[in-house]
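Visitor: sequence plus the predicted model coming up.
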Amino acid sequence: MAKPLHALGAVGDLILVPLSAVVRDTLWVGEIFYRTLRSGRSITHGSLRQLLHTTVLQVYFTGVQALPVAGLLAILSGIGLGWFVEETGAFDLVPQFYAVLAHYVGPGLTAAVMVSRSAAAVAVELGNMKVAGETTMLSSFGIDPFAHLALPRLLGIVIGSVALCGLVTALSLAAIFLVLKDHGAVWDIDSVLVIASESASRVFVLGLLYGLVIALIGIRHGLTLRPLYTEVPKAASRAVVQCIVLCALITGLIHWTLL
Amino acid sequence: MTDSTETNLLICQGVELQLDDETLGLPAFRLEPGDRLGLRCPSVASADRAGSLLLGLEQLATERVTLFGQDAGRRGDPHLLRARRRLAWAPCSPSFLATVSLSDNVAIPLRDRSQLGSAMLRQRVDQALACLGLDHRGDELPHALTVTQRYLAGVARAVLAAPELLLLATPPAALTADRQAGLERLLRPLLADRATAILLLVARGLFPVVDVDNIIDVASHPRSTAMSEGRRR
């Protein structure tokens, strides 16, 4: 009797433990999102300047500093696909390649670069601040850490993500167009612009959702870790892994809903 | 100033911290505006703990707290944050934002509580740091400071916030005569304005710097001893 029960318990553990972790993480992210948005009410005139300053810095870190790497990868992807078309003569597939670049490659590269840079950076920075008692110090002066630390990072990452997503996608389209521009009989600039305008809303939504997910997961793992320095790298790796999974899920969800 | 051991209710100019006997472990007392109360603590660590307890930083996660006549609720509650803007706490080993210069760190509560422009803000911070002999360290990061310099910068940060209730912990080391004079100069506006500021000292090391109206010896109180022993267990 004991063995079947143990087996049942093991199966239950296999399902229930990960499920409870997912539910717990979802609730945490929901609470972080709510408290971050609610913290906007406690912003004073003086702290508004600091919030704007931190937001601009975060946009610079997430959007501008990531552009060389993400842009290079996007250009290489566009050139690679262009050369593939030239070598194989598959000019009939060019519209599909444009769509792949605009819908998946550009946003995907953006998400990969942002996850590796911003998610880990936010989790480590906020985690170190939590361990060093900096968040407690802010609270002791009546300054909401969510308003002072979380809100500008959320805004900065979302703005940077949307902008970077659009730029990277545009660069990949421009790269393949430049490679194939000598074959204007099969594909011209007007067609590229049509594809780009059709994809704009999808790229915007993807950038927005990637930014939200990366910021919230980073903030969640940074601000809720146990105050031990050994927990900081674990929080960073957990944030990166969760962001990768969630960004993949978002891509699938958008593909399914906007198909 | 009235002193009662019947309840453990701290009332400071409308500030009420209602904590249970086990957590606070201090005699109840009432402060009127302008009073200066000294809590004599047996060690630097206990001074920091007493200040932290009084501010309710540790207890607020579990206890209901009333501040300025309003139910402040639990940690993160907006009422609590608003109430804390009327307090300032300068602990023995203060925390600073590690990636921000000392001047910007000292300016944090002042920037949050006032509408001063950047230039005026910087001027006020520089004046406060100059009082304490830290004017040449303003652009440095906090990790470059000594323990005593960090303490003094913490005091400057708390005083600049112009609080209704200021909690000062004991200095981590003996202050030189220059530093004591600088601290007096920095505190003078608050001490002069006895109608709006209450200075609550939690260290014997600061008594030569600031005159207090009354001193409560934390170590002699039995509940405080019981609490310490209970925590050790």
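Guide: Arrived safely, thanks for sending. Residues are numbered from 1 along each chain as shown, chains lettered A, B, ... in the order given.

Visitor: so which bits of the longest helix anywhere in chain A are buried?
Guide: Longest helix in chain A by number of residues (criterion: DSSP state H): helix A:2-38. Using 16 or more other C-beta atoms under 10 Å in any protein chain shown as the test for burial, helix A:2-38 gives A:25, A:28-29, A:32-33, A:35-36. (Each C-beta comes from the backbone N, C-alpha and C, glycine too.)

Visitor: what segments of chain B are helices?
Guide: Under DSSP H, chain B gives helices at B:21-24, B:44-55, B:78-84, B:102-106, B:108-113, B:118-131, B:147-160, B:177-192, B:222-232.

Visitor: now chain A
Guide: A:2-38, A:45-59, A:67-88, A:94-100, A:106-114, A:120-131, A:134-140, A:145, A:151-180, A:189-223, A:231-257.

Visitor: export those helices as TSV, with columns for distance to B:A169 and mean pLDDT.
Guide: Shown next, in TSV, are the helices of chain A (distance: least, C-beta to C-beta, whole Å; pLDDT from 0 to 100):
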stretch	distance to B:A169	mean pLDDT
helix A:2-38	30	83
helix A:45-59	26	89
helix A:67-88	47	92
helix A:94-100	62	85
helix A:106-114	43	94
helix A:120-131	21	94
helix A:134-140	12	86
helix A:145	22	87
helix A:151-180	31	92
helix A:189-223	26	86
helix A:231-257	28	92
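
Visitor: what is the burial count for the closest residue to chain B within the stretch 1-150 of chain A?
Guide: Closest residue of the stretch 1-150 of chain A to chain B, C-beta to the nearest C-beta: A:G142 (3.4 Å). By the criterion of other C-beta atoms under 10 Å in any protein chain shown, A:G142 has 23 neighbours.

Visitor: now B:P171
Guide: 22.

Visitor: that one is in contact with B:P91, isn't it?
Guide: No. Here B:P171 does not reach B:P91: they are 11.0 Å apart, not a contact under C-beta atoms under 8 Å.

Visitor: looking at the helices of chain B, which has the lowest confidence?
Guide: Ranked by mean pLDDT, these bottom out at helix B:222-232, with a mean of 39.

Visitor: for B:A90, which non-adjacent residue is closest in space?
Guide: B:A158 (3.9 Å; C-beta to C-beta, 6 or more residues apart in numbering or on different chains).

Visitor: hmm, I was thinking of B:L152
Guide: The nearest residue in space to B:L152 (C-beta to C-beta, 6+ apart) is B:L132, at 4.4 Å.

Visitor: let me see the contact set for that neighbour.
Guide: The contact partners of B:L132, by C-beta atoms under 8 Å, 6 or more residues apart in numbering or on different chains, come to B:152-153, B:155-156, B:179, B:182-183, B:186.

Visitor: could you redo the last one with a cut-off of 7 Å?
Guide: Shown in contact with B:L132 (C-beta atoms under 7 Å, 6 or more residues apart in numbering or on different chains): B:152, B:156, B:179, B:182-183, B:186.

Visitor: identify the farthest-apart pair in these.
Guide: B:A156 and B:R179 (11.9 Å; C-beta to C-beta).

Visitor: so for these two, which residue has more residues nearby?
Guide: B:A156 (28 against 21).

Visitor: that one reaches B:D126, doesn't it?
Guide: No. Using C-beta atoms under 7 Å, B:A156 is not in contact with B:D126; the gap is 10.3 Å.

Visitor: once you drop chain neighbours, what's closest to A:G108?
Guide: Using C-beta to C-beta, 6+ apart, the nearest residue to A:G108 is A:T251, at 6.8 Å.

Visitor: count of neighbours near that neighbour?
Guide: 18.

Visitor: repeat for A:V194
Guide: Count around A:V194 with other C-beta under 10 Å applied: 12.

Visitor: try B:H143
Guide: Per other C-beta under 10 Å, the neighbour tally for B:H143 reads 9.

Visitor: check which helices and strands the longest helix of chain A sits against.
Guide: helix A:189-223 (3 or more C-beta pairs under 7 Å, 6 or more residues apart in numbering or on different chains; DSSP states H and E).

Visitor: in the helix it packs on, what counts as buried?
Guide: So for helix A:189-223, counting by 16+ other C-beta under 10 Å, buried means A:192, A:195-196, A:199, A:202-203, A:205-223.
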